[in-house]
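Asks: here is my input; please provide its structure:
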Amino acid sequence: MMITNDIKYIGVNDHEVDLFEGQYVVPNGMSYNSYAIMDERIAIMDTVDANFTEEWLENLKNVLGDRTPDYLVVHHMEPDHSANIANFVKAYPEAKIVSSAKAFAMMKNFFGTDFADRQIVVGEGSTLSLGKHELTFVTAPMVHWPEVIVSYDSTDKVLFSADGFGKFGALDVEEDWACEARRYYIGIVGKYGAPVQTLLKKASGLDIQIICPLHGPVLTENLGYYLNLYNIWSSYQPEEEGILIAYTSVYGNTEKAVMQLAQKLEEKGCPKIVVTDLARCDMAEAVEDAFRYSKLVLATTTYNAEIFPFMREFINHLTERNYSNRTVALIENGSWAPTAAKVMRGMFEKSKNLTFTDTTVKIMSALNEESTAQLNALADELCAQ
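Replies: Numbering: from 1, shown residues only. Sure thing, here's the model as predicted:
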């Protein structure tokens, strides 16, 4: 696949992966992207996952023809992109490796060598001339590993963005970009909003016409759309007005309360209401929705003087990723000593700019007149804000 006249795609699609990074369900697989810049000197941009060594080397060979590469540029050392560095070196022993100092230290850990005889260490503002094309390197520490660099080709105005602007899903499957890019970003990069903001500021000074990420499609049109979403996500702002109601329920009474609340909110004309059962949903999807919408309702039972495990896991995912700038409401259930609301609120004590509703719904086993009145008050409060 041609990206430009001189830049070729040599990545692979993975439809065998069951859980990406050991936890994310990827129903449409993954792509591991790699690119070749064909110039007076040839630069290969990253390798691919270890399960696709032969396919990648064949793709590389087909693009090269009778030529050999001069450089392998390593933007990111996660094994889904770096696993074939040693295989590349074996196949092309004269090629140099271009990467950050921290990446070479990681290569020592992964491969037992830092390839000292072929290193070209680059940092902020370093350049590499290929002939017509010149690459400028930009450091991107903690987006989302410390060694990450991105590179900009000023000739074709292409940003090689490492894991930035990536998404779940193989390239031979048509699907909405934002949904799986959001789930990818929030799950994998979400904790590191400040470093992403720093990188976006650096990128704003570049004339970028094409973005080549390490996962997902090459972005060539309407780049402002993607940059705007990344700015929203990395600044922890709600993407749209809406309410996620996330719940767990043991015998159905908490679920009944949640469904009543959702109905009341709909009747009041509240925008976008999403209800998710944390015991049965894709947890990453639930986390994605919590960051997507402006308000969050958490409903769970008191369990072992604590909260139900799926709710604890969910809140941990949120706070680990710096959940902030939202309105949060709590619904607790307990048959003799409800403590769920107190526990949930305490889990957010280090979170920034959260507004808790005045109303907290307290259910004693099942809804009664008092807790139903609280539910009505909560619906009024959520729709009024």
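Asks: now do the lengthiest strand in the chain: which elements does it pack against?
Replies: Across the chain, the longest stretch assigned as strand under DSSP state E is strand 293-303. Here strand 293-303 is seen to pack against strand 240-247, helix 253-267, helix 309-320, strand 326-333, helix 340-347, helix 369-384 when contacts are counted using 3 or more Cβ pairs under 8 Å, 6 or more residues apart in numbering; DSSP states H and E. No exception for glycine: its C-beta is placed from N, CA and C like everyone else's.
Asks: tell me the most buried of the ones you listed?
Replies: Looking across the helices and strands packed on strand 293-303 with neighbours counted as mean count of other Cβ atoms under 10 Å, the highest average goes to strand 326-333: a mean of 24.
Asks: that one pairs with which strands, and in what direction?
Replies: Applying DSSP bridges, strand 326-333 is found paired with strand 293-303 (parallel), strand 354-356 (parallel), strand 361-363 (parallel).
Asks: got the CA positions of it in CSV?
Replies: Taking C-alpha atoms only, strand 326-333 is exported to CSV below (Å, rounded to 0.1, in the frame of the first residue of the first chain):
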residue,chain,number,x,y,z
ARG,A,326,-17.3,15.1,35.8
THR,A,327,-20.5,15.0,37.9
VAL,A,328,-20.8,11.8,39.9
ALA,A,329,-23.9,10.4,41.7
LEU,A,330,-24.0,7.4,44.1
ILE,A,331,-26.7,4.8,44.7
GLU,A,332,-26.0,2.3,47.5
ASN,A,333,-27.9,-0.8,48.6
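Asks: still on that earlier bit, so for residue 202, which of the helices and strands packed on strand 293-303 sits nearest?
Replies: helix 309-320 (25.8 Å; Cβ to Cβ).
Asks: for the closest one, packing partners?
Replies: Here helix 309-320 touches strand 240-247, helix 283-292, strand 293-303, helix 340-347, going by 3+ Cβ pairs under 8 Å, 6+ apart.
Asks: format those as JSON lines; extra columns: mean pLDDT and distance to residue 195.
Replies: Output for the helices and strands packed on helix 309-320, formatted as JSON lines (pLDDT from 0 to 100; distance: least, Cβ to Cβ, whole Å):
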{"stretch": "strand 240-247", "mean pLDDT": "97", "distance to residue 195": "25"}
{"stretch": "helix 283-292", "mean pLDDT": "97", "distance to residue 195": "17"}
{"stretch": "strand 293-303", "mean pLDDT": "96", "distance to residue 195": "24"}
{"stretch": "helix 340-347", "mean pLDDT": "96", "distance to residue 195": "25"}
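Asks: JSON lines for those, including distance to residue 379?
Replies: Formatted as JSON lines, the helices and strands packed on helix 309-320 follow (distance: least, Cβ to Cβ, whole Å):
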{"stretch": "strand 240-247", "distance to residue 379": "10"}
{"stretch": "helix 283-292", "distance to residue 379": "19"}
{"stretch": "strand 293-303", "distance to residue 379": "10"}
{"stretch": "helix 340-347", "distance to residue 379": "17"}
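Asks: among the ones you listed, which is nearest residue 32?
Replies: Taking Cβ to Cβ, helix 283-292 is the member of the helices and strands packed on helix 309-320 nearest to residue 32, at 19.5 Å.
Asks: got the angle between the longest strand of the chain and strand 240-247?
Replies: 10 degrees (axes from the mean of the first three to the mean of the last three Cα atoms, to 10 degrees).
Asks: relative to the whole chain's centre, how far out is strand 293-303?
Replies: 23 Å (Cα atoms, centre = their mean, to the nearest Å).
Asks: over to stretch 44-64?
Replies: In terms of Cα atoms, centre = their mean, the centre of stretch 44-64 is set 25 Å apart from its chain centre.
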